[in-house]
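S.K.: coords please:
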Amino acid sequence: MLPGILARVMELLLAREGRSLHLRAAGGALTVLLVVMLLGSWAVVAAEEGARHANLTTYPRALWWSIETATTVGYGDFFPVTPWGRVVGSVVMIVGITTYGMVTAALATWFVRREQDRRGRAHRVADEAAHALHERFDRLERLLADANEGRKQDPRRP
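M.R.: Now for the predicted structure:
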């Protein structure tokens, strides 16, 4: 059941046409982080099994530890004591740091793009207004030129 849910989440996050690359990358990174945290929790329990002073002996504790580790909070209440447990912890930490960096970059890109779009609309409106004013001035100049031509042809007109 879990792989089916993960496949559906991946499809929703990555397969949408029209989504920008940075949003797809952030969605993919979040999905990878979720998988790494779930598998890392299982792996650290397996690595710590039977170790002296091990405190990551149940999956719920290991899941909480993987969330702490991925977010770099690290309360210190749970930690691996075996070398393989520390390797798993390093992987969870690196993936977590990378993912949060990618999500932060995606959010920053989204904000910058919105501001650029807003400024682009403002520039287009200003350009359209300037173009309309130029057309009016051109018409006025033509009308004045036609009126002057009419005066030159009919000397009785004031």
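S.K.: count of neighbours near D77?
M.R.: Using other CB atoms under 10 Å, the number of residues around D77 comes to 10. Every residue, glycine included, has its C-beta placed from N, CA and C.
S.K.: For it, give me the pLDDT.
M.R.: D77 carries a pLDDT value of 86.
S.K.: what do you get for the one 10 residues further on?
M.R.: For V87, the model assigns a pLDDT of 95.
S.K.: With P60 instead?
M.R.: 93.
S.K.: who's in contact with the residue most central in space within the chain?
M.R.: Central residue of the chain (CA atoms, centre = their mean): A106, 2.4 Å from the mean position. If a contact means CB atoms under 8 Å, 6 or more residues apart in numbering, then A106 has 22-23, 25-26 as its contacts.
S.K.: Where does confidence bottom out across these?
M.R.: H22 (71).
S.K.: Please state the offset of the helix or strand in which that one is found from the chain centre?
M.R.: Taking DSSP states H and E as the definition, one finds H22 inside helix 21-48. Centroid separation for helix 21-48 versus its chain: 18 Å, with CA atoms, centre = their mean, to the nearest Å.
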